[in-house]
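>>> Let me see the structure of the following:
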Amino acid sequence: MAKRKKAVKSSKKKSSRKPTRARPTQVTMGLESSKIRDRSPDKQLNLFRNNPYVIPNLNRTYNNPKKAKIARDMLERYTGSAPSKFKKQIILTNFEYYVERFHSLCGSEKTRGSAMTVVHSDSADVTVVNFSIGSPMAALAMELISIVEPKAVLFLGMCGGLHRTLKKGDFIVPTAAIRDEGASIHFMPRQVPALPTFKIQKFVSEIVVERGLDYRTGVIHTMDYRFWEFDEKFKAQLYEERALGIDMETATLFVAGFASKVPIGALLLVSDLPLKRGGIKTKKSASSVFKTFTDLHLEIGIKAMSEISEKGEHIRHYKW
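Numbers count the residues shown, from 1 in each chain. Next up is the predicted model:
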């Protein structure tokens with residue numbers, strides 16, 4: 001009886017991995033901007049939803065046409081100004097004096113909506129917006145102005161000086177901000193740092209130096225805890241952090257700007273020295289700061305944004 005030959009097993013192991021397909025380019029995905037613009041809002045969203053290679057953040061106006069439409073309407077309602085009037089260079093502030101002063105310098109139309117005041121200047125090619133105070137309003141302002149796709153945004157704010165060498169009237173060009181507030185978490189995870197757009201900071205710092213002035217760079221602690229000056233535990237934390245200044249908007253603006261693809265920088269004016277005896281801001285000391293330092297603060301901001309426009313500076317930003 002003939003012996004059956006045993007089947008020879010192949011020494012090669014079969015791979016359990018499925019063959020991979022080449023990742024398609026943006027063009028083959030059908031997501032090029034011309035095709036997106038030609039579709040209705042619902043069809044635009046479906047381009048993203050039905051594509052397995054793209055997971056967009058539909059919470060952003062640049063990915064969500066429906067949200068962009070509402071934001072455009074809200075911008076006009078909150079500022080009293082049509083979005084088409086907004087310049088590509090925008091100064092954000094949280095003090096009405098800056099808007100009034102800009103209005104008097106440029107002679108442009110001033111409007112007030114239900115929440116914000118705005119002035120557009122054709123001569124300076126700059127828009128100034130007063131969004132009031134605090135992290136939530138800062139986040140709202142940034143999202144709303146993102147729909148006009150600004151070329152550069154500069155925050156002219158005030159901060160409390162924490163370092164012992166600072167004095168009232170000093171300028172700070174922040175290199176980063178500590179996210180100790182509530183609004184920015186809705187834009188980026190907590191581990192994402194709050195950073196400005198470098199080129200705007202570089203541009204602003206050069207103008208400060210051209211004026212024969214000095215400035216400081218460092219970290220700003222942003223929080224939404226107004227009466228922290230009387231919390232000894234919190235003050236001990238500030239000493240450990242070695243932050244240069246403290247405010248209520250900078251970190252929120254940096255994070256919301258990054259999330260919304262809006263290039264943003266900041267030039268902060270030290271308005272008080274809350275860690276020193278008698279250094280907490282009062283009505284009298286605030287009035288003195290406004291009379292002495294704010295005009296120069298605004299002039300530097302206007303010059304920075306105007307020259308960015310005139311020189312056609314290209315502000316690089318991240319691409320996703």
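>>> Only C-alpha atoms from now on, for both contacts and neighbour counts.
OK.
>>> Below-threshold pLDDT in this protein: ranges please.
By pLDDT under 70, the low-scoring segments of the chain are 1-59, 312-320.
>>> Helices along that one, start to end?
26-29, 33-37, 41-49, 65-79, 96-106, 135-145, 198-210, 232-241, 250-259, 283-292, 294-310 (DSSP state H).
>>> want to throw those into JSON lines with distance to residue 121 and mean neighbour count?
Formatted as JSON lines, the helices of the chain follow (distance: least, CA to CA, whole Å; neighbours: other CA atoms under 10 Å):
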{"stretch": "helix 26-29", "distance to residue 121": "39", "mean neighbour count": "12"}
{"stretch": "helix 33-37", "distance to residue 121": "30", "mean neighbour count": "12"}
{"stretch": "helix 41-49", "distance to residue 121": "33", "mean neighbour count": "15"}
{"stretch": "helix 65-79", "distance to residue 121": "15", "mean neighbour count": "18"}
{"stretch": "helix 96-106", "distance to residue 121": "6", "mean neighbour count": "17"}
{"stretch": "helix 135-145", "distance to residue 121": "16", "mean neighbour count": "22"}
{"stretch": "helix 198-210", "distance to residue 121": "20", "mean neighbour count": "17"}
{"stretch": "helix 232-241", "distance to residue 121": "40", "mean neighbour count": "12"}
{"stretch": "helix 250-259", "distance to residue 121": "23", "mean neighbour count": "28"}
{"stretch": "helix 283-292", "distance to residue 121": "22", "mean neighbour count": "12"}
{"stretch": "helix 294-310", "distance to residue 121": "10", "mean neighbour count": "19"}
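>>> Could you export the ones you listed as JSON lines, including distance to residue 184?
What follows is these, written out as JSON lines (distance: least, CA to CA, whole Å):
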{"stretch": "helix 26-29", "distance to residue 184": "30"}
{"stretch": "helix 33-37", "distance to residue 184": "28"}
{"stretch": "helix 41-49", "distance to residue 184": "25"}
{"stretch": "helix 65-79", "distance to residue 184": "18"}
{"stretch": "helix 96-106", "distance to residue 184": "24"}
{"stretch": "helix 135-145", "distance to residue 184": "7"}
{"stretch": "helix 198-210", "distance to residue 184": "20"}
{"stretch": "helix 232-241", "distance to residue 184": "20"}
{"stretch": "helix 250-259", "distance to residue 184": "5"}
{"stretch": "helix 283-292", "distance to residue 184": "28"}
{"stretch": "helix 294-310", "distance to residue 184": "25"}
